[in-house]
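Novice: Predicted structure and sequence below. I'll ask about it afterward.
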Amino acid sequence: MAEVSNSKLLQIDTGIQNTNACVVIVRTEWNAAIIDELEKGCMTVFKNQGIKDVKVITVPGAFEIPFGIKSYWDANKYKDDRPHAFIALGCVLRGDTPHFEYVCQGVTSGITQLNLTLPVPVIFGILTVDNDQQAQERIGGKHGHKGEEAAITALKMISLTQSFKNSH
């Protein structure tokens, strides 16, 4: 099982953070209580790291997240406050039909495609869980806080992207 304790993810040692970075969170309406907690985790990290320009966009469900991200990028890519990273926040709970697999595959493929086509990172903050208990374990329970992890990942990817621009 992937455990955050087996990684160095929570170590924020990427050098000087760009506190002027803009991060856009695209979140779902489904499973709102869980998504609210994921968003709070993101906001806590951003506040602690001095990131002030965080925008939140809401889409109906996880399947709509890639469209929301692409549409936002297209509308803002030439603006001074264009995003430096996106974070996709959603929670897909397994049900009794194959719907779970289709939604998980669709949002995963969509976010992968965005990471290969947009010039900014898209962070996968989608919980794909069998039940509410597994979701609770990932919003501050025994599996850490996936919202905080998504925000840290966004900061690290912004730093990585900037390092490429600054290298000669």
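Specialist: Yep, that arrived.

Novice: for the top helix by length along the chain, which positions count as buried?
Specialist: The helix that spans the most residues within the chain, counting by DSSP state H, is helix 146-166. Using 16 or more other C-beta atoms under 10 Å as the test for burial, helix 146-166 gives 146-159, 161-162. C-beta: built from backbone N, CA, C; applies to glycine.

Novice: now that helix: how far from the chain's centre is it?
Specialist: Remark: helix 146-166 is offset 11 Å from the chain centroid, using C-alpha atoms, centre = their mean, to the nearest Å.

Novice: The residue nearest to residue 83 when sequence neighbours are not counted: how many residues sit nearby?
Specialist: Once flanking residues are discounted, residue 83 sits nearest to residue 24: 4.5 Å by C-beta to C-beta, 6 or more residues apart in numbering. Residues contacting residue 24 under the criterion other C-beta atoms under 10 Å number 25.

Novice: I figured residue 24 hits residue 88, correct?
Specialist: No - Residue 24 lies out of contact with residue 88 (C-beta atoms under 8 Å); the separation is 9.9 Å.

Novice: what do the two both touch?
Specialist: residue 69 (C-beta atoms under 8 Å, 6 or more residues apart in numbering).

Novice: Residue 81: how many residues sit nearby?
Specialist: With other C-beta under 10 Å as criterion, residue 81 counts 11.

Novice: Quickly find the element holding it.
Specialist: Residue 81 is located outside every helix and strand, with elements delineated by DSSP states H and E.

Novice: Could you find the closest non-adjacent residue to it?
Specialist: residue 22 (5.3 Å).

Novice: Does that neighbour touch residue 82 like I think?
Specialist: Yes - in terms of C-beta under 8 Å, residue 22 counts as a neighbour of residue 82; the distance is 6.6 Å.

Novice: pLDDT score for the most centrally placed residue in the chain?
Specialist: Nearest residue to the geometric centre of the chain (C-alpha atoms, centre = their mean): residue 87, 2.6 Å. Note on residue 87: pLDDT of 98.
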